[in-house]
Every structure is written in structure tokens, then in C-alpha cells.
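# Need a 3D model of the following:
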Amino acid sequence: MDETQHSPWRQPLVWLVAGIPTVAVIALAWMVFIAAGPGSTDTVDPAVKRTAQIQTADLGPDETAAKLQLAALLRVDGEQLELLALHSGFDTNTPLKLLLRHPARADLDRDFLLQPGGAGWRVDAPALELGHDWAMQLQPQDGKWRLQGRLPRGQLSARLQPTLPQ
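Here you go, the predicted model:
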């Protein structure tokens, strides 16, 4: 009989006993990352009407924005937010409401009233946290149309556009 000592790592059974649980833990971590990653907890802001078992949301403002071909660019400029129109359908003399929604905590949501001035609209935004994504919604005060977008973590600008195709 051969009585030389072999390393246990040279045995296929040891690799099965250690490898299968290791692969399962790695796969679990990947699935959790995908499930909890960006966009997994998007907030839904529009009022939803429930009729029997059907939920309906008012898409009129989104349709209006698509028909007017509205789009805008939001820039974080130090302690200010600046909004620039990308198409000419905006009324440049009226203030606009900007709603920033935290992905998980409603108590951190921020609402701003952007005032016209210069090349677009501006508002002071002291201590705006850029360490996470923001779901954005832009609309006039009468709610006639609505643009939506996402400001990714750490970025200083994002595009707002209609959610419905043009």
C-alpha cells in the first residue's frame, strides 16, 4: 500500500463539499445586488385611482408633454439647481415645480419651485445630497404636463423627458 500523504485539496470530494456552498453564496450575493440595485425601489408619485380590482393613473400630463415635445436638462451648480429647456415648447415666464424623490425614504424628498431667469430656471438648493439617486419630476404649477427623469448618484446633470413616446 502506498502510505504517502496526499493533500486533501487534491481530492474531488473536498472540492464538491467546499465548492458548491461557495458558488451558492456568490450567486446569492449577486442576486441580492441585482434585486436591490439602482431602479429597484423607484417611487411612484402620481395619484393612482382604484376602481374594483383595476388601478389607473392619469397619463394626461405625460401625453401633453409628449405632444409638446418637451425635454429639459437639470444641472446641479454648487448650491443651486439650474434647469435648461431642450425644446421650445416651454413658457419661459412661469415658475416650474421640481420634485426630487429619495429612492427609499420619503422624509428626505425635496420639492423646489424654480424661478425663471437667465437661460432657464434656477433655485437655491443648499445641502442637496448627491450620495444616492434621485427620481425627478418636473411640472408647471397647474400640472398641465409632466417630465420625469433620474439623477444618478454623484452626477451633476440629468435629462428630464416625457415617460410616453413622442
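# you'd agree residue 63 is in a strand?
No. Remark: residue 63 does not belong to a strand; assigned using DSSP: H, G, I helix; E, B strand; the rest coil, it is helix.
# That one and residue 162: what is the separation?
Separation of residue 63 from residue 162 (C-beta to C-beta, to the nearest Å) stands at 8 Å. Backbone N, C-alpha and C define where each C-beta goes, glycine included.
# repeat for residue 122
From residue 122 across to residue 162, the span is 23 Å (C-beta to C-beta).
# out of those two, which sits in the busier spot?
The residue with more neighbours, out of residue 122 and residue 162, is residue 162; 22 against 18, by other C-beta atoms under 10 Å.
# Next, give phi and psi for the more buried one.
Backbone torsions of residue 162, given as degrees, to the nearest 10, read phi -70, psi 150.
# Residue 29 too?
Here is the backbone geometry of residue 29 (degrees, to the nearest 10): phi -60, psi -40.
# Report the separation between it and residue 36.
11 Å.
# cool, residue 13 as well?
In terms of C-beta to C-beta, residue 13 sits 35 Å off from residue 36.
# ok, now residue 81?
Using C-beta to C-beta, residue 81 is found at 28 Å from residue 36.
# neighbours of residue 74, just the number please.
Neighbourhood size, residue 74 [other C-beta under 10 Å]: 24.
# what about it, which SS state?
Under the three-state scheme (three-state DSSP), residue 74 adopts strand.
# swap in residue 69?
With three-state DSSP as the basis, residue 69 sits in coil.
# how far away is it from residue 147?
In this view, residue 69 and residue 147 are 11 Å apart by C-beta to C-beta.
# Look at those two and report which has more neighbours.
More neighbours surround residue 147 than the other of residue 69 and residue 147, with 24 against 13 (other C-beta under 10 Å).
# which residues touch the more buried one?
65, 70, 71, 72, 137, 138, 139, 160, 161, 162 (C-beta atoms under 8 Å, 6 or more residues apart in numbering).
# what's the neighbour count on residue 116?
Each residue near residue 116 was counted by other C-beta under 10 Å, and the total is 15.
# Lowest mean pLDDT among the helices and strands, pick that one out for this protein.
Each helix and strand of the chain was given a mean pLDDT (mean pLDDT, DSSP states H and E); the minimum falls on strand 48-51 at a mean of 63.
# Find the residue ranges of the protein scoring beneath the pLDDT cut-off.
Within the chain, the ranges that satisfy pLDDT under 70 run 1-3, 38-53, 55-56, 166.
# And the strands in it, which stretches?
For the chain, the strands defined by DSSP state E occupy 48-51, 54-57, 72-77, 80-85, 96-101, 110-117, 120-124, 134-140, 147-151, 157-161.
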